[in-house]
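>>> Pasting the sequence and the predicted coordinates here, then a few questions.
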Amino acid sequence: MQIEKYKIEEHNQSLLKEHQRKLNFVTAGLPNAETILRKLADFQVAIPSWALGTGGTRFARFSGGGEPRSLEEKIEDVGLLHALNRSSGAISLHIPWDIPRNPTAIKALAAQFGLRFDAMNSNTFQDQPGQKQSYKFGSLQNVRKDVRRQAIEHNIEVIRYGQELGSDSLTVWLADGSCFPGQLNFRQAFQNTLEGLQEIYAALPADWKMFVEYKAFEPNFYSTTVGDWGQSLLYASKLGPKAYTLVDLGHHLPNANIEQIVALLLMEGKLGGFHFNDSKYGDDDLTVGSIKPYQLFLIFNELVDGMDARGMDHTRDLGWMIDASHNVKDPLEDLLQSVEAIMLTYAQALLVDRKQLTAAQQANDIVAAQELLQSCFRTDTRALVAEARLRTGAALDPLKLYRSEKIREHLIKERGAGTVATGL
Ligand code: PSV
Ligand code: MN
């Protein structure tokens with residue numbers, strides 16, 4: 001299903017007057033409003049192909065209906081999101097959940113919706129039907145060479161798929177680790193993993209990047225082989241200039257200072273990718289900004305500051321992606337909420353007066369520094385983000401339009417009520 005342009009225009013027309021009133025309020029006294037609007041209009045966040053269906057808990061999965069039955073339908077769904085907000089212009093594929101059987105046709109379909117292919121994701125954390133070796137005791141870290149070989153070959157195959165689609169990066173996330181003390185020799189596991197990553201790295205095309213995603217824990221785990229940003233950075237540094245650390249917001253131990261982590265990774269030129277989600281307890285994969293919005297703001301503040309310090313392009317120089325799971329909400333509504341939260345927070349971070357902040361820091365004026373950050377965080381940026389959307393031909397209120405157009409009902413009619421998408 002596609003949303004027609006005139007529907008978006010009608011919707012915008014009906015909200016225009018009220019929007020302009022709010023916009024005038026927020027832009028009054030904002031000298032750099034135009035620059036901020038341009039940056040907001042440019043910013044794109046990739047949607048993972050595995051988040052378009054309902055996810056599950058460890059116990060159950062409750063389909064919401066109308067879930068995409070194929071990669072083509074997943075692309076269609078991301079196309080819908082992008083038509084509504086013009087900020088979701090990329091899709092990230094997980095192999096083998098979403099193997100492009102006909103890459104040329106898939107690429108053409110994505111292009112029709114204005115989408116490009118973001119980072120490719122390999123999967124050595126599940127056994128696939130017919131697979132020769134099992135990943136029960138890990139993949140790249142495995143004590144057995146034949147298992148490690150299979151995992152290396154899989155990653156190289158994923159790069160090949162990505163090349164055909166025009167992607168330019170590979171994200172490696174390993175569920176490798178151990179469940180009990182004594183099970184693993186930590187140094188050997190690290191060494192095996194490094195050697196495997198080195199082979200995969202050697203297969204990267206010249207203009208590709210590799211992202212090494214870390215994660216502190218999994219249920220029923222004692223250790224993970226890429227457990228934190230230090231270990232990821234160690235791998236990335238040993239691998240070379242095309243390897244970077246990827247930060248997933250949900251992959252830290254409780255209360256980790258993620259803003260400090262991203263600041264230092266950016267300083268070292270080693271932050272490559274970013275997975276957005278939110279959590280209360282563990283890796284809950286909840287809607288972005290739904291639990292700790294101030295933390296998200298502080299992270300964005302460091303991202304903007306760190307990227308500017310290196311002269312980086314906010315949109316293109318980092319791989320931005322949502323990595324959440326939608327268990328009880330309509331996945332498309334949830335994704336619209338997440339993209340909105342990202343844009344609002346990015347806008348708040350763009351409001352920070354860097355010169356004033358530096359002056360407060362240099363004067364040890366803690367109160368002024370805190371006031372400055374909090375006043376940006378407390379600024380309602382909704383009209384700015386909506387204006388950026390209006391200028392790019394998107395909807396002023398994507399969620400409202402999604403509902404009034406009864407998009408989910410249409411999808412259920414088209415695809416059926418019991419469909420289950422591949423993925424988590
Ligand atoms: C692992 O928890 C992760 O964050 C990785 O990015 C995976 O690719 C993704 O979730 C899906 O399992
Ligand atoms: Mn992730």
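Great, that's in hand. Ligands and ions are numbered 1, 2, ... in the order given.

>>> so which helix or strand takes in the residue nearest in space to the middle of the chain?
Closest residue to the average C-alpha location of the chain: residue 321 at 1.7 Å, with Cα atoms, centre = their mean. When elements are defined using DSSP states H and E, residue 321 is found to belong to strand 319-322.

>>> what packs against that strand?
The contact analysis (3 or more Cβ pairs under 8 Å, 6 or more residues apart in numbering; DSSP states H and E) places strand 319-322 against strand 46-48, strand 271-276, helix 331-350. C-beta coordinates here come from the backbone N, C-alpha and C atoms, glycine included.

>>> distance between the longest one and the chain's centre?
Just to be clear, that refers to helix 331-350. On the basis of Cα atoms, centre = their mean, to the nearest Å, helix 331-350 sits 11 Å off its chain's mean C-alpha point.

>>> And the helices and strands packed on strand 319-322: which comes nearest ligand 2?
In terms of Cβ to the ion, the element of the helices and strands packed on strand 319-322 nearest to ligand 2 is strand 271-276, at 3.8 Å.

>>> partner strands of that closest one, parallel or antiparallel?
Partner strands and pairing direction for strand 271-276 (DSSP bridges) are strand 243-248 (parallel), strand 319-322 (parallel).

>>> anything in the shortest one sitting right up against ligand 1?
Pointing back at strand 319-322 there. No: against ligand 1, strand 319-322 shows no contacts by Cβ under 6 Å from any ligand atom, the least distance being 8.4 Å.

>>> Is residue 7 in contact with residue 400, as I believe?
No: taking contact to mean Cβ atoms under 8 Å, the distance of 11.9 Å between residue 7 and residue 400 leaves them out of contact.

>>> gap between the residue in the stretch 1-150 of the chain that ligand 1 sits nearest to and residue 291?
Ranking the residues of the stretch 1-150 of the chain by distance to ligand 1 (Cβ to the nearest ligand atom) places residue 121 first, at 4.7 Å. From residue 121 across to residue 291, the span is 25 Å (Cβ to Cβ, to the nearest Å).

>>> got a list of what residue 104 touches?
Residue 104 sits next to residue 164 when contact means Cβ atoms under 8 Å, 6 or more residues apart in numbering.

>>> now for the helix or strand that contains residue 34, which elements pack on it?
Assigning secondary structure by DSSP H and E places residue 34 in helix 33-42. Secondary structure elements in contact with helix 33-42, counted by 3+ Cβ pairs under 8 Å, 6+ apart, are helix 331-350, helix 382-391.

>>> picking that back up, can you say which of the strands paired with strand 271-276 is packed in most?
Comparing the strands paired with strand 271-276 on average neighbours per residue, with mean count of other Cβ atoms under 10 Å, the densest one is strand 243-248 at a mean of 26.

>>> ok now that one, how far from the chain's centre?
Computed by Cα atoms, centre = their mean, the chain-centroid distance of strand 243-248 equals 11 Å.

>>> can you check stretch 91-103 too?
Stretch 91-103 has its average C-alpha position 17 Å from the chain's average C-alpha position, going by Cα atoms, centre = their mean.

>>> mind checking the end-to-end distance for that stretch?
Using Cα to Cα, to the nearest Å, the span of stretch 91-103 from its first residue to its last is 14 Å.

>>> tell me which residues in that stretch are buried?
Of all the residues in stretch 91-103, those buried under the rule 16 or more other Cβ atoms under 10 Å are 91, 92, 93, 94, 95, 96, 97, 98, 100, 103.

>>> Ok, stretch 392-407 next?
By 16+ other Cβ under 10 Å, the buried positions in stretch 392-407 come out as 394, 395, 396, 397, 398, 401, 402, 405, 407.
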